[in-house]
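S.K.: Have a look at this fold, sequence not included:
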């Protein structure tokens, strides 16, 4: 065996300029092992990593259709067709940084506050050396502990760019303060987010009242509606987003229901009139050059998916986020 490969059980990972890449599909069929994201190496197979992909199979915070606990495995299974070179950005995301799959985090499905603490602790550990987390959820509750960890790691609040059909800044549901509809209210109240630089993208659908938008604004968020894509276009929206986010670290939180149900049926709270896959992917490409310090991709519920439509969309979202992170640390 040559020095430019690392052996797995039944595979070999190519090594280019010190970066261990994904398994060569010309030698090992895509439908085979390994079962990692994009068939990348596990964390224990490399000495150091720049990006940690972590699954959080947790959906105790959902308020409607459950099943996002199976999201991490579904996204990984739907990522097997991802190739090494991204022609839209002219980059090789798995070669410019060492990307590894850390597997799934074990969290208590019966105790939501304990689960939140577990996620925060794991995120602090994974990010202690400056590596960037990319989270595969799981429901949107996971954004709160991630923001707690990032505030500690960066010693200041971070901007939140939140792609979603819903605001997720409600106060409670059935009296519960921690659900997938409350993470960004709690984050704002705890001083975790930069209230001058945070933004929702893709908001649509019915609200409880007009006060929802007033409360959301007071919590520090500007809003790009899904309908704005129809009238303003991707280029204009990217300019608005970049203007809002400039000047510091950014956490990107992506609920797959930001996409229209035609493009992402496998989710828990679908809303008509959403973004197309192309609109979302091009918006993410427009973030290149910003200081992205973490990402989550949440609310993929495979029981409602068809032919991996939602899983493929989520896998490509992760691929674009890896593509815009830039060169190695």
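M.R.: Noted; the coordinates are in hand. Treat the numbers as computed from the prediction; the structure is a model and nothing was measured. Residues are numbered from 1 along each chain as shown.

S.K.: correct me, but residue 76 touches residue 39?
M.R.: No - counting by CB atoms under 8 Å, residue 76 stays clear of residue 39, with 9.1 Å between them. Just so you know, the C-beta spots here come from the backbone N, C-alpha and C atoms, and that holds for glycine as well.

S.K.: neighbours of the residue nearest to residue 219 when sequence neighbours are not counted, just the number please.
M.R.: Closest residue to residue 219 apart from its sequence neighbours, by CB to CB, 6 or more residues apart in numbering: residue 188 at 4.0 Å. Using other CB atoms under 10 Å, the number of residues around residue 188 comes to 23.

S.K.: what is the rounded mean pLDDT of the helix or strand hosting residue 188?
M.R.: Applying DSSP states H and E as the criterion places residue 188 in helix 183-189. The pLDDT scores in helix 183-189 average 98.

S.K.: ok, then the element right after it?
M.R.: With secondary structure assigned by DSSP H and E, helix 183-189 is succeeded by strand 198-203.

S.K.: what's the following helix or strand after that next one?
M.R.: Scanning forward in sequence from strand 198-203 by DSSP H and E, the next helix or strand is helix 211-218.

S.K.: Which secondary structure elements does that following helix sit against?
M.R.: Contacts defined by 3 or more CB pairs under 8 Å, 6 or more residues apart in numbering; DSSP states H and E place helix 211-218 against strand 221-225.

S.K.: What residues of the strand it packs on count as buried?
M.R.: For strand 221-225, the buried set under the neighbour-count rule, 16 or more other CB atoms under 10 Å, comprises 221, 222, 224, 225.

S.K.: which residue sits closest to the third one, ignoring its sequence neighbours?
M.R.: Spatial nearest neighbour of residue 224, excluding adjacent residues (CB to CB, 6+ apart): residue 201 at 4.4 Å.

S.K.: Might one say that the one you found is in contact with residue 258?
M.R.: Yes - shown here, residue 201 and residue 258 form a contact pair, counting by CB under 8 Å, at 7.0 Å.

S.K.: what touches both of those two?
M.R.: 163, 164 (CB atoms under 8 Å, 6 or more residues apart in numbering).

S.K.: other SSEs contacting the helix holding residue 188?
M.R.: If you count contacts as 3+ CB pairs under 8 Å, 6+ apart, helix 183-189 packs onto helix 143-154, strand 159-163.

S.K.: Please work out which of these is packed deepest.
M.R.: Among the helices and strands packed on helix 183-189, strand 159-163 has the highest mean neighbour count (mean count of other CB atoms under 10 Å), at a mean of 26.

S.K.: Show residues contacting that strand.
M.R.: For strand 159-163, using CB under 8 Å, 6+ apart, the contacting residues are 143, 147, 168, 184, 187, 193-194, 197-202, 221, 241, 244-245, 248-255, 258, 280, 283, 287.

S.K.: Which positions in stretch 158-175 come out as buried?
M.R.: 158-170.

S.K.: start to end distance for that stretch?
M.R.: Length of stretch 158-175, first residue to last, CA to CA, to the nearest Å: 28 Å.

S.K.: next one: stretch 193-205
M.R.: Stretch 193-205: ends 25 Å apart by CA to CA.

S.K.: Show me the shaky parts of this protein.
M.R.: Counting by pLDDT under 70, the chain contains low-confidence ranges at 1-11, 328-329.

S.K.: For it, which segments are assigned as helices?
M.R.: 71-77, 93-96, 112-127, 143-154, 183-189, 211-218, 226-231, 233-245, 277-285, 309-323 (DSSP state H).

S.K.: Adding distance to residue 174, write the ones you listed out as a markdown table.
M.R.: Putting those into a markdown table (distance: least, CB to CB, whole Å) gives the following:
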| stretch | distance to residue 174 |
| --- | --- |
| helix 71-77 | 23 |
| helix 93-96 | 41 |
| helix 112-127 | 13 |
| helix 143-154 | 18 |
| helix 183-189 | 15 |
| helix 211-218 | 17 |
| helix 226-231 | 28 |
| helix 233-245 | 33 |
| helix 277-285 | 31 |
| helix 309-323 | 27 |
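
S.K.: who wins for proximity to residue 302 among the ones you listed?
M.R.: helix 71-77 (3.9 Å; CB to CB).

S.K.: Against which helices or strands is that closest one packed?
M.R.: By 3+ CB pairs under 8 Å, 6+ apart, helix 71-77 packs against strand 51-56, strand 99-104, strand 132-137, helix 309-323.

S.K.: what's the angle between the longest one and helix 277-285?
M.R.: Between the axis of helix 309-323 and that of helix 277-285 there is an angle of 20 degrees, by axes from the mean of the first three to the mean of the last three CA atoms, to 10 degrees.

S.K.: before we move on, what about the second one?
M.R.: Relative orientation of strand 99-104 with respect to helix 277-285: 110 degrees, computed using the same axes, to 10 degrees.

S.K.: Quick one: residues in contact with strand 99-104.
M.R.: Against strand 99-104 from outside (CB under 8 Å, 6+ apart): 20, 36-38, 40-43, 45-46, 49-57, 72-73, 76, 93, 126, 322.

S.K.: circling back: gap between the helix holding residue 188 and the chain center?
M.R.: In this view, helix 183-189 has its centroid 18 Å away from the chain centroid, taken as CA atoms, centre = their mean, to the nearest Å.
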